[in-house]
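Participant: sequence plus predicted model, see below.
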There are 2 protein chains.
Amino acid sequence: MPTPESPLRQAGLREHHLGLVMRQVAAAQRPPSRAEISAATGLTRATVSALVDELLVGRLLSEAAPVPRTGAGRPATGLALAAHGPAGLGLEINVDYLAACVVDLTGAVRHRAVLRADQRPHSPVEVLARLGTLAEQTLAAPDVAGLPIAGAALAVPGLVTRDGVVRLAPNLGWSDVDVPSALTATGAALAGIPLTVDNEANLAALGELHARSGDLADFVYVSGEIGVGAGIVLDGRLFRGARGWSGELGHMAVRPDGPTCRCGARGCLEQYAGQEAILRSAGLAGQQLPPAVALQQIAQLAADAQRSADAQQPVRRALTAAASALGVVLAGVVNLLDVETVVLGGIYAPLAPWLAPVVEAEIGRRVLTVGWSPVTVRASVLGAEAAVTGAAGAVVRAVRDHPAPWLTGGQ
Amino acid sequence: MPTPESPLRQAGLREHHLGLVMRQVAAAQRPPSRAEISAATGLTRATVSALVDELLVGRLLSEAAPVPRTGAGRPATGLALAAHGPAGLGLEINVDYLAACVVDLTGAVRHRAVLRADQRPHSPVEVLARLGTLAEQTLAAPDVAGLPIAGAALAVPGLVTRDGVVRLAPNLGWSDVDVPSALTATGAALAGIPLTVDNEANLAALGELHARSGDLADFVYVSGEIGVGAGIVLDGRLFRGARGWSGELGHMAVRPDGPTCRCGARGCLEQYAGQEAILRSAGLAGQQLPPAVALQQIAQLAADAQRSADAQQPVRRALTAAASALGVVLAGVVNLLDVETVVLGGIYAPLAPWLAPVVEAEIGRRVLTVGWSPVTVRASVLGAEAAVTGAAGAVVRAVRDHPAPWLTGGQ
């Protein structure tokens, strides 16, 4: 049965095929030839050649060293993602630092900058002005100069609407902050660069997904900071929830009548396993240390206690209590969603040697199917950089998946 | 850029278009004409006519009364799903009943049968033999005779592998029961009918989704029986989890150190809100009543207590305690997944007038975003029939979505 295709459908098909070729090149172990792309995608060689030519001219692909071949004939040219192609700017606002980074089209981090300081004493406008300056410095860095910037993505520890308004970031003390307007008003650095704003756990989960490409399809990324959040990846895609408010792990109850939380409810996980709860129960809360220093101290004390086999040392006890609460809630998450992996991120990443075994034990005790479907608990590979790297990476992924707008004459 | 299509791709496209036409007819408010289908799908009128002809010959569509038209010309013929087309057989095994039903291609329930009896004293082979007999009687019913049966789907209260093996059904006392082999061995009635086996909460959630077509895209269906399970629908699709074990709501913890559950863990929801826990705390556990009778009694007592405004009556207290535990866990689910709706099914459906307000209050207290993203808690529209109706409906949906195999010369 003939199926006439309208011009619109053909344009859609071309865009789809361009993305297919980009993903094929990105996923290959070594630069593939046009013939290899044709074999892998089922597109004809003529079609692949035409698509590749467009992508070369548009500086999204580059030609690499010839592919060695076993048969006769001249060696075919390999294709790689263009390191000089459109790059992504990642930005992050957290309670005690600001961060920026640039990731190029190949996925390499080209520049990274962190400004450590408590942001809570400052107004959103002040914080965004500092972030604007950090972004400007980052874009002016020698490693970045000359790279076209495809877009910027900003990670914030809070609930963000689709328009980039921070609806609520309780630990920053922000509510209803129109970030895109405020940030573009701070200077010329970001003018003309499309900006998206997203929850930090979501972007960190994307960072983790892309960093372990193919290896990890269903997982919960747990972001431990002053608040506790989660980014949920199901079947290789970020799950945002019906209205975009998924992942509020920190407000799942450990004990329904436990201590009162900042949110007004009782017994929330944040009260047992948030950064402040850990510092408090480790006896380090009153010392006015910057949190990053206090956490280093915790990791050090925990390592010392482990060497002396002292499980009763206050820091070890504090970590065990936090991990147990985390484990109760995560066992519930696994019972509900049947994810294979739990990734411990944020402050939990460096503390994973002490947290993961306790979380695993709770999961082993409480998940009905764990006997035949094991669950892995592991530290984030990106550590504290997960959200800002994930933010920049998300921009680059969007270019790879939808390259047409970056091509001359492309839609 | 020309994009050559292989024969394989064209066949795939035809199948896709056949499903598109079927879904368009199914979703229409009144029987649409060929021209209306063309307008709605973007397919040419010639293509739609060819597809419709195939579907008429294959008895998947039938012609309905002419569509009234406002303009000139003769009235166009409307198209409807064929009531005599391939139908689905739904089956269900639960702890205290067996059920069967047939749903035709239009979605109408043509026949329904329930056999109430405690299944726990019997072996899986005995239970499946009874179910085979019930299926045979159902298929021989006058309302069903002559309908081609496209497939059967069986709902069980347990964990089911992709091959239909019941891995674990703790409340039936089953483990590793190869249901398809055992059931086909019981007699000729089901011979040649493709059979799928699935978790009852999953099939009930599908039933609920289809019964409220379009109205409900993100929800958690809570199945209250002796066990407590959930079917999760995200973005209009059933979410099964990475390995098919999602929805074990009954084993999410209410209190980490609460009473020991059948599963070995402590404080599971099932111990607070399962059928036996409700009967026990209502003081009706020792009376040897069949559960269905005891539950009717609970609903009656709760209604009486409401009329006399006696919130301290033991049955009201028991329902409030169960609902509060359910609410704590469901608030966690909403914090995690951001679903808009919670559907109370199974024994919870008739008790919803007493359960829903308490569950809503816990959600209102514990869900961070509830202030601007309200969550609805409501009773299942299908009540106790949700799983078996959902099972038959799932078969029919598969025919609607992939009609090609049902057509002469299909593929």
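Facilitator: Received it, and whenever you're ready, just let me know what you need.
Participant: C-alpha only now, for contacts and for neighbours.
Facilitator: Will do.
Participant: so which residues of the stretch 201-350 of chain A form strands?
Facilitator: Ranges of strands in the stretch 201-350 of chain A, per DSSP state E, counting those that start in this stretch, are A:219-224, A:228-234, A:237-239, A:341-346.
Participant: using a markdown table, lay out the ones you listed together with distance to residue B:242, mean neighbour count and mean pLDDT.
Facilitator: Listed next are the strands of the stretch 201-350 of chain A as a markdown table, based on distance: least, CA to CA, whole Å; neighbours: other CA atoms under 10 Å in any protein chain shown; pLDDT from 0 to 100:
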| stretch | distance to residue B:242 | mean neighbour count | mean pLDDT |
| --- | --- | --- | --- |
| strand A:219-224 | 9 | 29 | 96 |
| strand A:228-234 | 8 | 26 | 96 |
| strand A:237-239 | 12 | 17 | 94 |
| strand A:341-346 | 10 | 25 | 96 |
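Participant: need these in CSV (columns: distance to chain B).
Facilitator: Below are the strands of the stretch 201-350 of chain A laid out as CSV (distance: least, CA to the nearest CA, whole Å):
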stretch, distance to chain B
strand A:219-224, 9
strand A:228-234, 8
strand A:237-239, 8
strand A:341-346, 10
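Participant: so which of the ones you listed gets nearest residue A:374?
Facilitator: strand A:341-346 (8.8 Å; CA to CA).
Participant: just checking, what packs against the closest one?
Facilitator: strand A:219-224, strand A:376-379 (3 or more CA pairs under 8 Å, 6 or more residues apart in numbering or on different chains; DSSP states H and E).
Participant: mind exporting the C-alpha coordinates of stretch A:15-28 to PDB?
Facilitator: Once non-C-alpha atoms are left out, stretch A:15-28 reads as follows in PDB (Å, rounded to 0.1, in the frame of the first residue of the first chain):
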ATOM      1  CA  GLU A  15      15.800  15.500  11.400                       C
ATOM      2  CA  HIS A  16      15.200  12.100  12.900                       C
ATOM      3  CA  HIS A  17      17.900  10.600  10.700                       C
ATOM      4  CA  LEU A  18      20.400  13.400  11.600                       C
ATOM      5  CA  GLY A  19      19.900  12.600  15.300                       C
ATOM      6  CA  LEU A  20      20.300   8.900  14.600                       C
ATOM      7  CA  VAL A  21      23.700   9.400  12.900                       C
ATOM      8  CA  MET A  22      24.900  11.700  15.700                       C
ATOM      9  CA  ARG A  23      23.900   9.100  18.400                       C
ATOM     10  CA  GLN A  24      25.500   6.300  16.400                       C
ATOM     11  CA  VAL A  25      28.800   8.200  16.200                       C
ATOM     12  CA  ALA A  26      28.600   9.100  19.900                       C
ATOM     13  CA  ALA A  27      27.900   5.600  21.000                       C
ATOM     14  CA  ALA A  28      30.600   3.900  18.900                       C
END
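Participant: check which residues of it are buried.
Facilitator: Residues A:15, A:17, A:18, A:19, A:20, A:21, A:22, A:23, A:24, A:25, A:26 are the ones in stretch A:15-28 that count as buried (16 or more other CA atoms under 10 Å in any protein chain shown).
Participant: same question, stretch A:140-152
Facilitator: Those would be A:144, A:147, A:149, A:150, A:151, A:152, for stretch A:140-152 by 16+ other CA under 10 Å.
Participant: ignoring the adjacent residues along the chain, who's closest to residue A:392?
Facilitator: Counting by CA to CA, 6 or more residues apart in numbering or on different chains, residue A:392 lies nearest to residue A:90, which is 3.9 Å off, once chain neighbours are set aside.
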